[in-house]
Each structure stands twice: as C-alpha cells, then as structure tokens.
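Novice: Build me a structure from this.
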Amino acid sequence: MSWLQLRLDTRPELVEALEEQLLGAGAVAVTMEDNADQPVLEPGVGETPLWQQTRLTGLFTADANMVAVLAGIPKDLLQGCNQRVEILEDKDWEREWISHYQPMRFGERLWICPSWLEPPDPGAVNLLLDPGLAFGTGTHPTTALCLGQLEQLTLQGQTVVDYGCGSGILAIAALKLGASRALGVDNDPQALVASRENARRNDIADDRFTITLPNAQTIAAWQGQADVVVANILAGPLAELSATLLGLLKPGGVLLLSGLLNKQAKALCDHYGPQLALSVAGEREDWVCLQSTPPAAAPLQACAQP
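Specialist: Okay, here's the model as predicted:
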C-alpha cells in the first residue's frame with residue numbers, strides 16, 4: 001500500500017498545535033524529528049524537549065486530499081514552515097533499499113542501476129542512482145510510468161523540465177536518453193543535493209542540468225523553453241501548478257504528469273483541457289501517467305470517469 005506524507009519544518013512552540021491539526025485532518029500517524037542535527041540532553045522532570053528546528057511528518061492514505069488538508073490548517077501555523085507533500089514508497093528506508101534494490105529496465109534501452117552494482121548491460125543507457133532521502137528510485141509506480149514514457153520519446157537535443165525532481169531520476173534519465181539540457185525544480189533542499197550528486201555520478205555536466213528551488217526568476221528564464229515538461233508530484237499540486245507547467249512548455253511540446261490515482265485522472269484532464277488535451281499514457285497499481293501527445297507506437301487512452 002502507498003501512502004502520502006506531509007512534512008512541515010517548524011518551531012517547537014507550534015508543534016503541538018500542528019500535530020492536532022494533522023490528526024484532525026485524518027493523519028494515521030504523526031512523527032517528530034530533529035531538522036538541524038541538534039542534540040537534546042536529558043530533560044528535567046515533566047519536560048518534553050524539542051529541537052529548535054523540528055520536522056513534523058504526518059502520514060496519510062494515498063487517496064487523501066492534501067490540498068484540503070493544507071487549506072484546513074490555520075495560516076499562522078504554516079507561516080514560515082517549509083512544507084512538502086510527497087508519495088512515500090513502500091520500502092522507503094535507505095538500508096532496506098540498499099539491501100534489496102536491483103537494476104531495473106524501462107522500455108528497450110534504459111536501465112536504472114543502484115550505484116553500488118555493475119550495470120547488467122554495459123551497452124544500454126544506464127543511470128546510476130543513489131537517491132539518499134529524496135523521492136525517486138524507479139520502484140514506485142508513478143516514477144516507473146514516467147521513465148517508461150520518457151524512454152519512448154525522441155529526446156535527442158531536446159530541453160526537459162522535471163518539476164518536483166526529487167532524486168533527479170527523471171531529468172537525468174532524459175539527459176542520458178539524449179536531451180541536451182534539463183531543469184530540475186524541487187522545494188526540498190535535500191532533493192537538490194541528491195539530484196546534483198546523482199548527476200555527477202552519471203557524468204552529467206553542471207551546465208546541462210540546472211537544479212533549483214522554485215523561484216520566479218528561474219521560471220521566467222525557462223518560460224516556453226521546454227520540449228518536454230514532466231511532473232511526478234500529486235494531483236492537487238499538479239492542478240495548482242498548471243499555469244507554471246504549461247508556461248514552461250514550448251508550443252507542441254510534451255507534458256507528462258504523474259503522481260495521481262486513476263480516479264483523479266478525469267478531473268485533472270478536465271482542468272488542463274481548455275489549454276491542452278491530456279490522455280492516459282499508462283497505468284500501474286491504480287496510479288496513472290497522463291501525456292499531452294501520444295508516442296507514435298502506442299495510442300493513448302481517454303481519461304476514464306472517476
């Protein structure tokens with residue numbers, strides 16, 4: 001079973017109120033952790049010590065409406081919080097991933113290989129990956145769907161934007177498949193570090209892969225530049241970011257969207273419909289990938305009713 005998690009980086013005096021809000025919104029669990037490597041010494045009697053920079057994580061079922069969850073939290077509690085909603089992979093512990101992850105093939109020529117193993121086919125397009133704590137290993141259905149679609153596209157010399165890049169897996173895959181340059185955007189600084197490390201692990205030059213937090217200046221510089229825009233996030237943010245994602249796309253470019261359940265596909269297709277027609281490009285374990293233009297070899301399916 002897949003889950004969604006909401007991470008909030010906040011101050012200790014707000015933790016209790018935020019925890020109550022998350023539980024009231026349907027979180028099945030709430031955890032707290034240090035966000036600044038600060039030691040906590042033995043507390044006094046009756047004290048509950050917290051770190052000065054505390055990360056609060058709420059765990060929700062995969063069909064939770066995270067836009068509504070965030071909208072229901074008072075703005076004064078969220079002010080100044082770094083917030084991130086993400087899909088939690090079924091085996092999301094780094095040690096577990098290292099122990100069991102094996103090379104995986106996507107399409108005819110793309111392999112995702114853990115960085116500590118030799119690629120099974122040295123002549124293939126091999127992406128060496130160590131995601132650290134960022135989302136994107138290729139094991140989650142949404143990442144696998146996006147990789148499969150990218151492998152089918154003609155990317156030679158193309159410009160690609162990966163919005164919500166996580167480990168950088170999709171942007172780096174596009175570059176390894178022939179794209180000339182890519183932009184990776186993520187609101188988690190940890191993801192930017194993982195993306196940069198994975199790019200260097202795959203001999204991707206810095207000038208080919210721009211990695212950044214979301215900011216108006218970068219978005220403006222890349223406006224209308226992308227032959228392909230891929231966003232593997234969640235249905236709510238995909239709707240909220242529609243103007244941004246469409247603005248990055250060249251006329252006639254390809255838009256790939258994933259991170260949504262099949263029952264959410266129709267609403268998102270309707271949302272984008274006035275600007276760009278979307279269809280279901282692939283489906284796996286109730287998750288779907290939407291694409292704006294079909295690959296030559298395989299027609300797409302119309303968005304199903306929810």
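
Novice: The nearest residue in space to Asn126 that is not next to it in sequence and Ala71: what is the separation?
Specialist: Once flanking residues are discounted, Asn126 sits nearest to Pro119: 4.0 Å by CB to CB, 6 or more residues apart in numbering. For every residue, glycine as well, the C-beta is placed using N, CA and C. In this view, Pro119 and Ala71 are 45 Å apart by CB to CB, to the nearest Å.

Novice: Show me which of the two is the more surrounded one.
Specialist: Pro119 (16 against 11; other CB atoms under 10 Å).

Novice: Return the residues in contact with that one.
Specialist: Pro103, Trp111, Cys113, Asn126, Leu128 (CB atoms under 8 Å, 6 or more residues apart in numbering).

Novice: tell me which element the residue nearest to Asn126 falls in.
Specialist: Secondary structure assignment for Pro119, by DSSP states H and E: no helix or strand.

Novice: okay, now Ala231: neighbour count?
Specialist: 26.

Novice: That one is in contact with Gly259, isn't it?
Specialist: Yes. The pair Ala231 and Gly259 qualifies as a contact (CB atoms under 8 Å) at a distance of 7.4 Å.

Novice: Quickly list what's touching both of those two.
Specialist: Gly164, Leu238.

Novice: longest strand anywhere in the protein?
Specialist: Ranked by residue count and defined by DSSP state E, the top strand of the chain is strand 249-261.

Novice: tell me what it is packed against?
Specialist: Helices and strands touching strand 249-261, by 3 or more CB pairs under 8 Å, 6 or more residues apart in numbering; DSSP states H and E, are helix 141-152, strand 226-232, helix 235-240, helix 242-248, helix 262-272, strand 287-291.

Novice: Buried residues in that strand, which are they?
Specialist: Within strand 249-261, the residues that qualify as buried are Leu249, Gly253, Val254, Leu255, Leu256, Leu257, Ser258, Gly259, Leu260, Leu261, counting by 16 or more other CB atoms under 10 Å.

Novice: okay, those in TSV with distance to Gly178 and pLDDT next?
Specialist: Formatted as TSV, the buried residues of strand 249-261 follow (distance: CB to CB, whole Å; pLDDT from 0 to 100):
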residue	distance to Gly178	pLDDT
Leu249	19	97
Gly253	16	96
Val254	14	97
Leu255	19	98
Leu256	16	98
Leu257	22	98
Ser258	21	96
Gly259	25	93
Leu260	27	92
Leu261	31	92
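
Novice: Would you mind giving the residues you listed as a markdown table with distance to Ala221 added?
Specialist: Listed next are the buried residues of strand 249-261 as a markdown table, based on distance: CB to CB, whole Å:
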| residue | distance to Ala221 |
| --- | --- |
| Leu249 | 15 |
| Gly253 | 17 |
| Val254 | 21 |
| Leu255 | 19 |
| Leu256 | 22 |
| Leu257 | 23 |
| Ser258 | 25 |
| Gly259 | 25 |
| Leu260 | 28 |
| Leu261 | 34 |
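
Novice: and which of these is nearest Glu16?
Specialist: The closest of the buried residues of strand 249-261 to Glu16 turns out to be Gly259 (CB to CB; 30.8 Å).

Novice: How much space separates the closest one from Pro141?
Specialist: 10 Å.

Novice: Show me whatever sits in contact with both of these two.
Specialist: Shared contacts of Gly259 and Pro141 (CB under 8 Å, 6+ apart): Trp287.

Novice: Please report phi then psi for Ile233.
Specialist: When read as degrees, to the nearest 10, the backbone of Ile233 gives phi -130, psi -110.

Novice: which ones are touching it?
Specialist: Val85, Glu86, Tyr163, Gly164, Leu241, Gly259.

Novice: of the residues you listed, closest to Leu175?
Specialist: Distance to Leu175 across the contacts of Ile233 (CB to CB) is lowest for Tyr163, with 15.7 Å.

Novice: contacting residues for Ala29?
Specialist: Gly58, Leu59.

Novice: So what does it have for phi and psi?
Specialist: phi -160, psi 150.

Novice: where does this protein dip in pLDDT?
Specialist: Along the chain, the model assigns pLDDT under 70 to residues 1, 34-52, 89-101, 131-138, 294-302, 304-306.

Novice: Please parse it into its domains.
Specialist: 3-36+44-88, 136-291 (automatic domain parsing).

Novice: which of these is buried the deepest?
Specialist: domain 136-291 (a mean of 20; mean count of other CB atoms under 10 Å).

Novice: And that one, how far out from the chain middle?
Specialist: 8 Å (CA atoms, centre = their mean, to the nearest Å).

Novice: again, but for stretch 80-91
Specialist: Stretch 80-91 sits 9 Å away from the centroid of its parent chain (CA atoms, centre = their mean).

Novice: Same check on stretch 24-37?
Specialist: That offset, for stretch 24-37, works out to 20 Å (CA atoms, centre = their mean).
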